[in-house]
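Visitor: build the 3D model from these lines:
(one chain, ligands or ions: 1)
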Amino acid sequence: MLNYQHIKIPQDGEKIRIVNNRLKVPKNPIIAFIEGDGTGPDIWRASKRVFDAAVEKAFNGKKKISWMEIYAGEKAVALYGNNAWLPDETVEAIKEFSVAIKGPLTTPIGGGIRSLNVSLRQLLDLFACVRPVKYYAGTPSPMKKPQDMNIVIFRENTEDVYSGIEFKSDTEDSNKLIDFINESFNKKIRKPSGIGIKPMSEFGSSRLVKKAIEFARDNKRGSVTLVHKGNIMKFTEGSFKEWGYKVATSEFRELVVTEDELWSQYNGKMPEGKILIKDRIADSMFQQLLLRPSEYEVVATPNLNGDYLSDAAAAQVGGLGIAPGANMSYTTAIFEATHGTAPKYANQDKVNPGSVILSGVMMFNFIGWGKVSRIIEKAMKKTIKSKVVTYDFARLLKNSKEVKCSEFASEIIKNM
Ligand code: NAP
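Guide: Residues are numbered from 1 along each chain as shown. This is a model prediction of the structure:
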């Protein structure tokens, strides 16, 4: 175990171990948490009470989480000084303890850090951003049948135009690059122009699609859809699609049927127990999710498409404020609120803690404590259905009862 400066390792807990790329979870696992900035502490306090109550309900004291606080954002700067928005030991602790959950973090302005979330993803190579999108009855939604949506989006997290290789317009670097491309490849990029690079590798694309297929297999989902813009960007997005089919048919041959094979070999009738691999062009996928959401179950997509698609999909089920998420590699995962710090509501015990609570549902599934997840989800559904909700839902729901952040958590616990 490493020596930490400010992180205190709980004495009553044990480390989650990794054996053959799989988690080995003790009865009292240590789980790291970052409470977050702005409304983060309010949300975290409420969520932690829900988690502990659900674990107690599921296991009657035989299992328990040992929470270990780690620091990032404003709290880290206050504690460590030196403008330490993301202390090294925070990253080390997540590596060592494998599982962490976090509230939202302020994005530092200036100082060389683009975003703490992006930094964490890159430093820990958390290559998959996983976002389940489904409807909780009673949630205010703009759709006629929001319940038809039940998908899990796997967004590639490390490549694409998000890799941060950008050159400002009319600088020496951008002009040099433009000259090089125009001269060496006979292209005509206008000068001056800002330039961004979009790298996408077989390695990065394949491991993401593989993770999505494994998820579909382990959770009995019937299809995985590769969403790309390969009709235009042939050698990046188009290759993503090809590499996706390649990994599906080479590593999961017995398990998968491609959409072509469905018609050429099975007359359009899906054989029992197999996973259909299909692909859709990104723009048409936005229509598909509005018009025929029930035809999609798991989506695997490059970084930029995934960013747009996951927010648009979450909005359809009214769930932007309660949308959960995770960033994961094979053995490390950070579960997180997908919204920001909403600083104007900080310390008012007001906002909806649903995003962190549902991220906890994902986390308990990840560590194999599905019973806890089911208890939380059921109680949360019941609470929303009874219209006892925080301000954000209350303003959209007729005859609802508005409660504080902490009271919403108490209501969930009561409904367990
Ligand atoms: P934001 O914090 O997500 O807040 C925008 C609006 O969303 C809020 O004013 C509020 O809407 C609503 N909202 C957010 N969280 C809510 C909750 N828990 N319950 C109910 N409503 C909620 O976005 P922002 O103001 O653009 O960003 C603030 C800071 O957060 C920035 O520093 C940003 O970089 C950072 N950020 C962090 C993360 C992250 O850590 N994952 C993600 C995004 C942004 P109403 O005003 O309509 O009530």
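Visitor: low-confidence ranges in this protein?
Guide: Residues of the chain meeting the criterion pLDDT under 70: 1-2, 110-114.
Visitor: interface residues of it facing the ligand?
Guide: 39, 104-107, 117, 321, 336-337, 339-343, 351-352, 355, 392 (Cβ under 6 Å from any ligand atom). Quick note: C-beta positions are derived from backbone N, CA and C, even for glycine.
Visitor: could you redo the last one with a cut-off of 8 Å?
Guide: 36-39, 43, 102-107, 115-117, 320-322, 325, 336-345, 350-355, 390-392, 405 (Cβ under 8 Å from any ligand atom).
Visitor: make a PyMOL selection of the buried ones in those residues.
Guide: Buried residues among these (16 or more other Cβ atoms under 10 Å), as a PyMOL selection:
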select buried, resi 36+37+38+39+43+102+103+104+105+106+107+116+117+320+321+322+325+336+337+338+339+340+341+342+345+350+351+352+353+354+355+390+391+392+405
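Visitor: in strands only, show me the residues of the chain next to the ligand.
Guide: With strands taken from DSSP state E, the overlap with these comprises Lys102, Gly325, Glu336, Ala337.
Visitor: now, the most widely separated pair of the residues you listed?
Guide: Using Cβ to Cβ, the two most remote members of those are Lys102 and Gly325, lying 10.3 Å apart.
Visitor: which neighbours do those two share?
Guide: Common neighbours of Lys102 and Gly325, using Cβ atoms under 8 Å, 6 or more residues apart in numbering, are Phe335, Glu336, Ala337.
Visitor: and the residue nearest to Met270 when sequence neighbours are not counted, which of the three is it?
Guide: Closest residue to Met270 apart from its sequence neighbours, by Cβ to Cβ, 6 or more residues apart in numbering: Leu276 at 5.9 Å. Look at Leu276: counting by DSSP: H, G, I helix; E, B strand; the rest coil, its state is strand.
Visitor: which residues touch whichever residue of the chain sits closest to the ligand?
Guide: Taking Cβ to the nearest ligand atom, the ligand has its nearest neighbour within the chain at Gly340, 2.5 Å off. Applying Cβ under 8 Å, 6+ apart to Gly340 gives the contacts Gly38, Pro104.
Visitor: please apply the same query to the one 5 residues further on.
Guide: Counting by Cβ under 8 Å, 6+ apart, Tyr345 makes contact with Gly38, Thr39, Val351.
Visitor: the same query, at a cut-off of 10 Å, please.
Guide: Gly38, Thr39, Asp42, Val351, Tyr391, Asp392, Cys405 (Cβ atoms under 10 Å, 6 or more residues apart in numbering).
Visitor: which SSE is the most far-flung residue of the chain relative to its centre in?
Guide: Farthest-out residue of the chain from its mean C-alpha position, per Cα atoms, centre = their mean: Glu183, at 41.5 Å. Here Glu183 sits within helix 172-185, counting by DSSP states H and E.
Visitor: and for Phe203?
Guide: helix 202-218.
Visitor: return the set of buried residues in that helix.
Guide: 204-216.
Visitor: what of stretch 251-268?
Guide: Phe252, Val256, Val257, Thr258, Glu259, Leu262.
Visitor: among these, which ones are in helices?
Guide: Glu259, Leu262 (DSSP state H).
Visitor: any idea how far Leu320 is from Tyr391?
Guide: 14 Å (Cβ to Cβ, to the nearest Å).
Visitor: again with Phe97
Guide: 35 Å.
Visitor: now the helices for this protein?
Guide: So, for the chain - with DSSP H - the helices run 40-59, 74-80, 88-97, 116-123, 172-185, 202-218, 237-251, 259-266, 282-291, 303-316, 354-366, 370-385, 391-394, 405-414.
Visitor: what's the closest of the ones you listed to Glu166?
Guide: Closest among the helices of the chain, using Cβ to Cβ: helix 172-185, at 8.9 Å.
Visitor: so which elements touch that closest one?
Guide: strand 166-167, strand 195-196 (3 or more Cβ pairs under 10 Å, 6 or more residues apart in numbering; DSSP states H and E).
Visitor: next, format these as JSON lines and append mean neighbour count.
Guide: Output for those, formatted as JSON lines (neighbours: other Cβ atoms under 10 Å):
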{"stretch": "strand 166-167", "mean neighbour count": "15"}
{"stretch": "strand 195-196", "mean neighbour count": "15"}
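Visitor: now those in TSV, with distance to Gln147?
Guide: Formatted as TSV, the helices and strands packed on helix 172-185 follow (distance: least, Cβ to Cβ, whole Å):
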stretch	distance to Gln147
strand 166-167	41
strand 195-196	39
